[in-house]
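Engineer: requesting a structural model of the entry that follows:
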Amino acid sequence: MPTTVLAIATYRKGDEFLRECRRQGCRVLLLTEEKLADADWPRESIDAFYYIRREMPEEDIRKGAAWLARTERLDRIVALDDFDVEMAAMLREYLQVPGMGETTARAFRDKLVMRTRARSAGIPCPAFVHVLNHAAIGEWTSRVTPPWVLKPRGQAAAIGIKKIGSSEELWQALEALGDRQAEYVLEQFVPGDVFHVDTLMFANRIVFAVASRYGTPPMAVAHEGGIFVTRTLSDADDLTRELVEVNARVLDSFGLAHGVSHTEFIRAQDGTIHFLETSARVGGAFIVDVVEAATGVNLWREWAKIEVAGEDGDYQLPPTKGLSAGIVLSLARQGEPDMSAYDDPEIVTRIRKHHHAGLIVASPDEHRVRALLDSYVTRFYGDFHASAPPPERALE
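Structural biologist: Presented below is the predicted three-dimensional model:
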C-alpha cells in the first residue's frame, strides 16, 4: 500500500513538498485552515483536503484526526509551517504515528525552551530570563545592561518582538502584557552579524548543511523597514565551519532525528558565535530558492523524500553544486514592480509577489554575488522600497 502523508499547513506554503510526496507514490492529504480552502494549492498532488479553524481546541482536532484515521492509514504527519509543529507532534503522539513528539517539538517552537536547552548543552546564547518571577527579573536587569529584547515564546521570526531600552520601559511593557507575561522571555540584545544554517537530517545525522549571512539582522528589517538580504557562505571559510559545527551541537542536543531545520546565530563583537533560535521547518523569505540556486538542493523536495523514507528506509542526497547565491527582497510601492532594468546574467530568479520586488543571483564568484546584492539594495531603495509596521502576530 502507498505511504499516506498527512501534511498540515495552516499558512499557504509547501507546494514542492506536496508534489514530491506525490512523485514518491504517496497518498497525500492536506489539513489546512478553512480560509485557505480556495487557495491555489497544487491540487493535482493532493488526494483529499481537510479543514480546521484557527484557534480550534486541541480536543476537537484530536477527535477530527481520529475520525479521519478510521478510513485513512496515517503513516506520516508533517507540519509545513512553524505554527503547525506542535499540532503535528500532538497528533503523532495521540495516534502513535512515528516522528517528533511534543517534548522535542517544544524545543523547536518555544524560545524559552530553546535557550534553556542550549545553555544546558554549553552552547553560548544571549543572557536571558523568563518573564515570570518579578524578583528574578529585577535581579537580572540589575546586572545585565540594556538594551534588552522582549520576545513572545511561541511566535516565529521577528513577530511580536520589542526592543527595550530601560527598566522603566520594561515594566511598562510587562504591565501592558498582564496575564500574558509568562508567555515571554527577556534577553540581552547582542549586537553583531546574524547568520543562519539550513539543514537536512536523516537517521540522526546531518546529511546537508549550508551556512548563510543576513545582510541586515531580520529583526532590524522587520522593525526598521529595511531590505532583506541573505547570501550563502563558502564551505571553505573558517566561519562557515564554525557555524556548521555549533549548528550540529544544537540539533543533537535538541533531538532532531529526521527532517529539516533553519537555525539562526549571531556573531558578537568579540567573535563569539551565539545561538539565537532554531526551527523544524524550512527558512522563509525565499531562502529555499537561494539554497537551491547555490547548491542545487531543494529543501522542500529533499525533506519530503526524508519523510517518506521514514525510520527504516534509505535516503541519498542528490549531487550538489558549489555556487554562491543571494537574495535581495523588499516591500514595493508598486503592486507589480517592473524589474526589467535589472538584467545581469547572474539573475536566476525574479520574485513574483504582489507589492514585492526581489531578485536571486548565483555565481561561482562569491565576491560578484556580494557586489550585485550591495548594488541592488541601493537601487531598490530608489526604485521600489516601501515599509510597513512589524506584525504583532502571524498574518492570516
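
Engineer: farthest from the middle of this structure: give me that residue.
Structural biologist: A135 (33.7 Å; Cα atoms, centre = their mean).

Engineer: and the helix or strand hosting that one, how far out from the chain middle?
Structural biologist: Using DSSP states H and E, A135 sits within helix 134-143. Put simply, helix 134-143 sits 31 Å off its chain's centre (Cα atoms, centre = their mean, to the nearest Å).

Engineer: for that helix, packing partners?
Structural biologist: Packing partners of helix 134-143 (3 or more Cβ pairs under 8 Å, 6 or more residues apart in numbering; DSSP states H and E): strand 128-130, helix 167-177. Placement of C-beta: from N, CA and C, glycine included.

Engineer: from these, which stretch is densest packed?
Structural biologist: Using mean count of other Cβ atoms under 10 Å, the stretch among the helices and strands packed on helix 134-143 with the largest mean neighbour count is strand 128-130, at a mean of 20.

Engineer: contacts for that one, please.
Structural biologist: Strand 128-130 is contacted from outside by L112, R115, A136, I137, W140, V144, A182, V185, L186, E187, Q188, using Cβ atoms under 8 Å, 6 or more residues apart in numbering.

Engineer: hang on, the earlier thing: now render the helices and strands packed on helix 134-143 as JSON lines, adding mean pLDDT and distance to A65.
Structural biologist: As requested, these are exported to JSON lines (pLDDT from 0 to 100; distance: least, Cβ to Cβ, whole Å):
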{"stretch": "strand 128-130", "mean pLDDT": "98", "distance to A65": "32"}
{"stretch": "helix 167-177", "mean pLDDT": "97", "distance to A65": "33"}
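
Engineer: for the most centrally placed residue in the chain, give its distance to E311.
Structural biologist: Taking Cα atoms, centre = their mean, the centroid of the chain lies closest to G283, which sits 3.8 Å from it. Distance of G283 to E311, given as Cβ to Cβ, to the nearest Å: 25 Å.

Engineer: the stretch 51-200 of the chain: helices as residue ranges?
Structural biologist: For the stretch 51-200 of the chain, applying DSSP state H, counting those that start in this stretch gives helices covering 58-69, 85-95, 102-107, 111-120, 134-143, 167-177.

Engineer: out of these, flag the one nearest L18.
Structural biologist: helix 85-95 (14.9 Å; Cβ to Cβ).

Engineer: if we can go back for a sec, what comes up buried for the helix holding A135?
Structural biologist: Neighbour counts over helix 134-143 (16 or more other Cβ atoms under 10 Å) mark I137, W140, T141 as buried.

Engineer: now do stretch 140-158
Structural biologist: Judged by neighbour count using 16+ other Cβ under 10 Å, the buried positions of stretch 140-158 are 140-141, 144, 148-158.

Engineer: cool, and stretch 60-74?
Structural biologist: Applying 16+ other Cβ under 10 Å to stretch 60-74 flags I61, G64, A65, L68, A69, E72, L74 as buried.

Engineer: any chance of TSV for those, columns distance to Q316?
Structural biologist: Listed next are these as TSV, based on distance: Cβ to Cβ, whole Å:
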residue	distance to Q316
I61	35
G64	36
A65	32
L68	32
A69	31
E72	29
L74	26
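
Engineer: pull the most distant pair out of those.
Structural biologist: I61 and E72 (15.4 Å).

Engineer: next SSE downstream of the helix or strand containing L331?
Structural biologist: Secondary structure assignment for L331, by DSSP H and E: strand 324-331. Counting by DSSP H and E, the element after strand 324-331 in chain order, helix or strand, is strand 347-350.

Engineer: partners of that following strand in the sheet?
Structural biologist: Strand 347-350 pairs in its sheet with strand 356-363 (antiparallel), by DSSP bridges.

Engineer: and for the strand it pairs with, what's in contact with it?
Structural biologist: For strand 356-363, using Cβ under 8 Å, 6+ apart, the contacting residues are 286, 289-290, 293-294, 323-332, 334, 337, 339, 342, 344, 346-351, 369, 372-373, 376, 380, 383-384.

Engineer: narrow those residues to those that are buried.
Structural biologist: For the contacts of strand 356-363, buried by 16+ other Cβ under 10 Å: 286, 289-290, 293-294, 323-332, 337, 339, 342, 346, 348-349, 351, 369, 372-373, 376, 380, 383-384.

Engineer: so can I have TSV of the buried residues of helix 134-143 showing distance to Y94 and pLDDT?
Structural biologist: Output for the buried residues of helix 134-143, formatted as TSV (distance: Cβ to Cβ, whole Å; pLDDT from 0 to 100):
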residue	distance to Y94	pLDDT
I137	36	98
W140	38	98
T141	41	98
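
Engineer: of those, closest to P318?
Structural biologist: Distances from P318 to the buried residues of helix 134-143, taken by Cβ to Cβ, are shortest for W140, at 47.5 Å.

Engineer: wait, what's in contact with that closest one?
Structural biologist: A127, V129, L186.

Engineer: now do it against H258, distance only.
Structural biologist: For W140, the distance to H258 - Cβ to Cβ - is 37 Å.

Engineer: picking up where we left off before, redo the buried residues of stretch 60-74 as JSON lines? Include distance to A39 and pLDDT.
Structural biologist: Below are the buried residues of stretch 60-74 laid out as JSON lines (distance: Cβ to Cβ, whole Å; pLDDT from 0 to 100):
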{"residue": "I61", "distance to A39": "20", "pLDDT": "97"}
{"residue": "G64", "distance to A39": "20", "pLDDT": "97"}
{"residue": "A65", "distance to A39": "21", "pLDDT": "97"}
{"residue": "L68", "distance to A39": "20", "pLDDT": "97"}
{"residue": "A69", "distance to A39": "25", "pLDDT": "97"}
{"residue": "E72", "distance to A39": "22", "pLDDT": "97"}
{"residue": "L74", "distance to A39": "23", "pLDDT": "98"}
